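> Just a sequence and a predicted model for now, questions to come.
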Number of protein chains: 4
Amino acid sequence: MDIDAIGDRRLRADRPALAAAGAPATHCPTLLERYHNVRAASLHLASPLSAEDQCVQSMPDASPIKWHLAHTTWFFEALVLQPHVAGYRCFDPRYAHLFNSYYVSLGSRHMRALRGLLTRPAHAEVLEYRNYVDGAVQSLLRTGARNDQVEALLELGLNHEQQHQELMLTDIKHAFYLNPLRPAYRPADASRSGQPAPLRWQTHEGGIQEIGHAGEGFAFDNEMPRHPVLLAPFQIASRPVSCQEYLEFVHDGGYRRPELWLSDGWDLAQAQDWRAPLYWEPDDGGGFNVFTLHGLQPIDPGDAVCHLSFYEACAFASWANARLPTEFEWEAAAARSGPRAICGSVWQWTRSSYDGYPGFQPFDGPAGEYNGKFMVGQLVLRGGSFATPPGHVRITYRNFFAPGARWQFSGLRLARDV
Amino acid sequence: MDIDAIGDRRLRADRPALAAAGAPATHCPTLLERYHNVRAASLHLASPLSAEDQCVQSMPDASPIKWHLAHTTWFFEALVLQPHVAGYRCFDPRYAHLFNSYYVSLGSRHMRALRGLLTRPAHAEVLEYRNYVDGAVQSLLRTGARNDQVEALLELGLNHEQQHQELMLTDIKHAFYLNPLRPAYRPADASRSGQPAPLRWQTHEGGIQEIGHAGEGFAFDNEMPRHPVLLAPFQIASRPVSCQEYLEFVHDGGYRRPELWLSDGWDLAQAQDWRAPLYWEPDDGGGFNVFTLHGLQPIDPGDAVCHLSFYEACAFASWANARLPTEFEWEAAAARSGPRAICGSVWQWTRSSYDGYPGFQPFDGPAGEYNGKFMVGQLVLRGGSFATPPGHVRITYRNFFAPGARWQFSGLRLARDV
Amino acid sequence: MDIDAIGDRRLRADRPALAAAGAPATHCPTLLERYHNVRAASLHLASPLSAEDQCVQSMPDASPIKWHLAHTTWFFEALVLQPHVAGYRCFDPRYAHLFNSYYVSLGSRHMRALRGLLTRPAHAEVLEYRNYVDGAVQSLLRTGARNDQVEALLELGLNHEQQHQELMLTDIKHAFYLNPLRPAYRPADASRSGQPAPLRWQTHEGGIQEIGHAGEGFAFDNEMPRHPVLLAPFQIASRPVSCQEYLEFVHDGGYRRPELWLSDGWDLAQAQDWRAPLYWEPDDGGGFNVFTLHGLQPIDPGDAVCHLSFYEACAFASWANARLPTEFEWEAAAARSGPRAICGSVWQWTRSSYDGYPGFQPFDGPAGEYNGKFMVGQLVLRGGSFATPPGHVRITYRNFFAPGARWQFSGLRLARDV
Amino acid sequence: MDIDAIGDRRLRADRPALAAAGAPATHCPTLLERYHNVRAASLHLASPLSAEDQCVQSMPDASPIKWHLAHTTWFFEALVLQPHVAGYRCFDPRYAHLFNSYYVSLGSRHMRALRGLLTRPAHAEVLEYRNYVDGAVQSLLRTGARNDQVEALLELGLNHEQQHQELMLTDIKHAFYLNPLRPAYRPADASRSGQPAPLRWQTHEGGIQEIGHAGEGFAFDNEMPRHPVLLAPFQIASRPVSCQEYLEFVHDGGYRRPELWLSDGWDLAQAQDWRAPLYWEPDDGGGFNVFTLHGLQPIDPGDAVCHLSFYEACAFASWANARLPTEFEWEAAAARSGPRAICGSVWQWTRSSYDGYPGFQPFDGPAGEYNGKFMVGQLVLRGGSFATPPGHVRITYRNFFAPGARWQFSGLRLARDV
């Protein structure tokens, strides 16, 4: 087994964003330090973008960068400061309506599809809002009013903000893609992955495996409780599918052969005229370029293929005489190899529908709306991408999206029965 | 444990249709006899309906009765007669396009949403088509050209037709509901269920359970392979949720409390203004009547509640401090009680997404499109309804629909953790 | 001027329907005779169709034949019998909801798009309904309770039914077109128009012209009051545009040249992928066949081109360096040539928006909803088609449809400035 | 006749924008002076708005302010500089695709609905673009290469930019309205109109009237040729309908009485739940406030009612036992009273469909797409609003919008038959 061979593979075309999200810490930072670091990382990610850039929303599924910056701030205000700091005075009571995403228990919410019309509050006002809330949170952390509940909510808030950091990149990428000028988020470097590493099959003997989070350290409610699952023996690939492999699928008529596709996927692919992953564009020579955070680039064959829907991932797997792993198989394999080896450049679709684990309990209070109410109609992705903040990756982590979603950094890793 | 107490509960309001589908056989019928019986049952179900009634399609998800009669016939023609009877001549080669539902490998298909415009072929021509194909199948069965493969395909065709028999009832019910005259499919009788039986919780100790079909007897590919699943201890209710219990949920604001609902479900309920199950209509006194195959009727409190979406089933379970069982829990419970006890008047939503079992292999050939390509975006229902033909019910049977579907005979049985 | 040259041109492919609508009378029939004739003509038009055929609705703009038969009957019941026959008892009080088209003042109405689901009342019941109402009207006409108001309403009812007779043909043609079997309403004959007559330009000197209906004889409220209009000199073509001429437009890229089109028309043509008139289908040799009431037929070059939208008519006119006439120009030209010469095989789009004449007064009572409330967003067509009942054609007649409508028997006659 | 009484009525709530568009000149400015003034006025109108504000698009019918600034610049570049200045080098060749609105003959165009995603070019770049083009135009005007054709195109460009100046205000108003913070474009002043002036009916004796533009001075192609029209006698109101009068209509159930409405209008009003003009909002006391360019304000009863669709204007007129004037009646009345008297605070819907005058000829070249291709499905408005730039108002001017459009400064003036 050589799972390490893919450990540091990155989606090079999009890579420069990584540093922005903050380097791994060399000591165990305090909660206050981490609060500072995470909040700063969001601003760092926004820094190449103008106020105009930060205002637009390219589709209802995406949000403006400014909205991400404000919403993550509101999260601290609404879940930590208002309930736990006596006499806390909101920065602007109207912001709750604007920046509440989906917390019904916390009051009314602006229509999601209209987030891009919020030219007011201005970008500068949102930065003020961040400063104001940051000051209040730092006071809370310094003055000892903190307690376990407050610390847990702050942890949740930081992990929540880290999730939005990745979304900031996926969302601005999508917005820039719809601009015929095809702007670059950051300048490109010249490095190339070259050829993909050889793909190896790693065998897992199956049996009863413990799945999910337990013990110290933060985890979302949907990663718990840890529980046993019975697995049949299986094999899993040593790395995600590469662009080169996916090109073969495309050139072999993968987008023209309904027998490879789930029925819903085929219908969607026809309706939207899919012929390659999102962001791939035919070049003049029968190949493809790909739109990246650095603008339009040649495809790098060694990169992990990215911006696939679940449907495309399934069709590819079918073409390759393989299948997607279940999320349990993925986690069992990851438990051997460790996150550095198995997580990597792209999120990996699994064939597991997103549901609560046996005995699942949502977080208490408003945070109970965080995960549980979305447990239908979505598929689990595992791993993490180049854009996932360091420290936010763990092998029990469950990402989830609808099967037709393509604007995330989503690829696949193959599995098969023994 | 008293699971038998609910064994013969039927959805009385819709009950008379049951006899139509044929009484349980008292000896083991031959394949020829079963072919005759199943085909006759379809015509019997259509018999109260005029040619006009049989032509309409109330929504793209439903099909005209005449189309059901023709499509099930085409299934035998295309999968059995054409490939396996030398020199077989199609009744009308244009019918393949009209009556192929979704078999891409078998050629072009008429647009699903336009099935209701097929006034031609006329009803009488479709009956001729049935006779023609029946004659050819009976010849095949009598003259010895039959073999294992042919018999397996005929079995599949009969089970396929039985599935459509239930759909004939759900589809005509929906069409009649959209007619302001609210016609009755059959006259009503006067019997009433009265009060529901007391609900008891039956405990299952969990552990490794064998799930799925094995051995003799027909099963669909999606019921196989039989495989072990590890279950935690759980409790399951002794009967489905009754109309009386569901009325309490409605009167307790169940349709106005988002905290009880999955997010997608709440959105759909608002968009379509749901206030009660499909076919329930407010009466003048704050209660409800219900549209049935016998026309509009008072609600019978002891009946199993029916025509729920998955979302409503989940919201009810949440309100009742319980949950839906997984399909594995359901099957494990059913393995104790037997199909007569646990299957019954309504299909029962489970919380399990419809997916292939480990090692799933679709049927060979065109029949491979029967189930596998739909394994995304749907939830499994178990049990069977008053309208499921006798002999078509088994504890490994997996029905499946999208979570918003309400026009099936779908209710729920509660479960909870121990 | 030789406007007579086109007087008896008919859309031959659809011609046999004409006789069905009744031959011109050779004496002046009584109101009772006309009532009988018009009502019989509707049944005659429906006679080639099965109960299934008469039940379907191919799109919201069209209605089922059975609905036409019932609605025209309800019109007599609701506007004549109920208000004017003491003690009249409705055939079925529920029919008012089902068969009221758009008369808000006459109560609730079934949703237009769901008319095709009305398998009940059955076809036979609708025929009974017609008999019942016919009996009551005939009694009214025979027993002297009639008066001017009643006679005027009966006249309106007959003209209303004649309008629906043409719609019965346009609607069943559209429904049959969406059936892949492409059924024929009636068998075809073998006659052909051959080459179109030479097109001549007829000059009109302009000046003040009296427009609209005055004097004896029935006319709709929208044809009145007769009033003067000032016209500039113009020329108008001696016959409608032929299929041969339209083919030249098609072959000259007419559907690929936006500069010929109105902006809305171009957008619609692109969205719906128009490449020829509705019902034209490419044959294997670069030409077209056309779907008619006799099934698919070769294009007859001398026929008037038909099933054009207003947008196509304008684009053709632009291509031909001409324009559409205004409805006033058309009527002024027709006043010279007479209806037999200028009305003919197809309705003729004019460039005039449908609006009330100066001093327009709607009919009194519910009949006031007949025309006036539709006076926006539609264009006037003049003339009449092969399917317009004899006796229903007059030069002041104003037909009107939305500019994108193509399922009517609509063509064009060119005009140009002098 | 006292038509002057309303001459200086302004929509006070929105008034401050007026000065921005430039005061009427006291001498006859040169083309160069006017170029400078009109271009400066656009920037002045944009000056209260941030770069973010100028980037958003609230609906496909509206455009971002930045886009207006760039598009009007492109118009000069594409129609004047590129064809008429030898060696002219485009500021950025990619802008043609971005800022071409609908000129098919000038190449590809960005999708209209996506204009709000154009965060690039940045606001500052668009200002540079304006400077660049302004420099080139000024050189052209100063160096004598100018000729009649160039001057005519520059005139067209200036009139075009003035049209966009009004749209800038209607579009930003709509965008701000969809922001729950309801920002103000400019601060309000405290003046109020108070009670409306008494409405008087002015009689016009009809007869042949010359309609349309002739002689010196700029006019759009759709105002020509001047031609005679025959009018019946009519009366027209001395001022537009006031908010007070419209409130009576609202309180009298105007939005709940289908008999007052055109059928299409009623359907749209129901579908969009109209209960008052756009921007009117119920206050707590049974009255209304109105959203203006100064934020939410009490209704001023003497103001002309504004932001009506054609449908609402017709329904009000019907309720008032009157009708809308035709555009010819309006112009004939205006020819007596002069533009200062009849044009005013709001555009006035007429009942005339937008069509070419007899003998209409579009401008030559690309400018031919300016008006002619939109001559279907729209109604003419006459007059001008408080936001129409001084010098852009004339009695032959024809504005036009679809009948459901409400975001323009559109009201009505009543007319009636004598």
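Great, that's in hand.
> so residue A:250 sits right up against residue A:286, yeah?
No. The pair residue A:250 / residue A:286 is not scored as a contact, 10.6 Å apart, by Cβ atoms under 8 Å. (Each C-beta comes from the backbone N, C-alpha and C, glycine too.)
> The two - which one has more neighbours?
Using other Cβ atoms under 10 Å in any protein chain shown, the more surrounded residue of residue A:250 and residue A:286 is residue A:250, with 19 against 7.
> and the more buried one, what helix or strand is that in?
In the assignment (DSSP states H and E), residue A:250 maps to helix A:243-251.
> from the stretch 201-350 of chain A, which residue is nearest to chain B?
Closest contact between the stretch 201-350 of chain A and chain B, by Cβ to the nearest Cβ, is at residue A:230 (3.9 Å).
> now that residue, what's its secondary structure?
Secondary structure for residue A:230, judged by DSSP: H, G, I helix; E, B strand; the rest coil, is strand.
> next one: residue A:381
strand.
> which residues does it contact?
Going by Cβ atoms under 8 Å, 6 or more residues apart in numbering or on different chains, residue A:381 touches A:347-350, A:398-401, A:408, A:410.
> Mind checking which of the residues you listed are in strands?
Judged by DSSP state E, the subset of the contacts of residue A:381 located in strands is A:347-350, A:399-401, A:410.
> pLDDT for those residues - can I get that in JSON lines?
Output for these, formatted as JSON lines (pLDDT from 0 to 100):
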{"residue": "A:347", "pLDDT": "98"}
{"residue": "A:348", "pLDDT": "98"}
{"residue": "A:349", "pLDDT": "98"}
{"residue": "A:350", "pLDDT": "98"}
{"residue": "A:399", "pLDDT": "98"}
{"residue": "A:400", "pLDDT": "98"}
{"residue": "A:401", "pLDDT": "98"}
{"residue": "A:410", "pLDDT": "98"}
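> I'd like the mean pLDDT over whichever strand or helix holds residue A:174, please.
Applying DSSP H and E as the criterion places residue A:174 in helix A:148-177. The pLDDT scores in helix A:148-177 average 97.
> And it, what's buried?
A:150, A:153-177 (16 or more other Cβ atoms under 10 Å in any protein chain shown).
> Isn't residue A:347 up against residue A:399?
Yes. Using Cβ under 8 Å, residue A:347 is in contact with residue A:399, at 5.7 Å.
> And the two? Which one has more around it.
When residue A:347 and residue A:399 are compared for neighbours, residue A:347 comes out ahead with 28 against 24, by other Cβ under 10 Å.
> ok, back up a step: I figured the residue of the stretch 201-350 of chain A closest to chain B was touching residue B:208, is that so?
Yes. Contact criterion Cβ under 8 Å: residue A:230 and residue B:208 qualify, at 6.4 Å.
> neighbour count winner among these two?
Using other Cβ under 10 Å as the criterion, residue A:230 and residue B:208 rank with residue A:230 on top: 17 against 12.
> where along the stretch 251-400 of chain A do the helices fall?
A:263-271, A:310-319, A:327-337, A:339-342 (DSSP state H, counting those that start in this stretch).
> circling back to that earlier point, any common contacting residues for residue A:230 and residue B:208?
By Cβ under 8 Å, 6+ apart, residue A:230 and residue B:208 have these common neighbours: B:228-230.
> Show me what from the stretch 201-350 of chain A comes close to chain B.
A:208, A:227-230, A:232, A:258-259, A:261-266, A:310-311, A:314 (Cβ under 8 Å from any Cβ of the partner chain).
> related to what we said a few turns ago, for chain D, find the nearest of the helices of the stretch 251-400 of chain A.
Comparing the helices of the stretch 251-400 of chain A under Cβ to the nearest Cβ, the one sitting nearest is helix A:263-271, at 18.0 Å.
> what's in contact with that closest one?
Residues contacting helix A:263-271 (Cβ under 8 Å, 6+ apart): A:255, A:258, A:261, A:274, A:309-312, A:314-315, A:403-404, B:102, B:373-374, B:376-377.
> Contacts only, for the residue of the stretch 101-250 of chain A found nearest chain C.
Closest to chain C within the stretch 101-250 of chain A is residue A:180: 19.6 Å, counting by Cβ to the nearest Cβ. The contact partners of residue A:180, by Cβ under 8 Å, 6+ apart, come to D:94, D:97-98, D:110.
> how much space between the residue nearest the centre of chain A and residue A:183?
Closest to where the C-alpha atoms of chain A average out (Cα atoms, centre = their mean) is residue A:166, at 5.5 Å. Distance of residue A:166 to residue A:183, computed by Cβ to Cβ, to the nearest Å: 20 Å.
> Burial check on the closest residue to residue A:99 other than its chain neighbours, number of neighbours?
Leaving out its chain neighbours, the residue that sits closest to residue A:99 by Cβ to Cβ, 6 or more residues apart in numbering or on different chains is residue A:74, at 3.9 Å. Residue A:74: 24 surrounding residues under other Cβ under 10 Å.
> Let me see the residues that make contact with whatever helix or strand residue A:74 lives in.
Using DSSP H and E, residue A:74 falls within helix A:65-76. By Cβ under 8 Å, 6+ apart, the residues outside helix A:65-76 that reach it are A:42-43, A:46, A:49, A:51, A:53-55, A:57, A:63, A:95-96, A:98-101, A:115, A:118, A:121, A:123, A:126-127, A:129-130, A:133, A:137, A:154, A:157, A:160-161, A:164, A:167-168, A:171-172.
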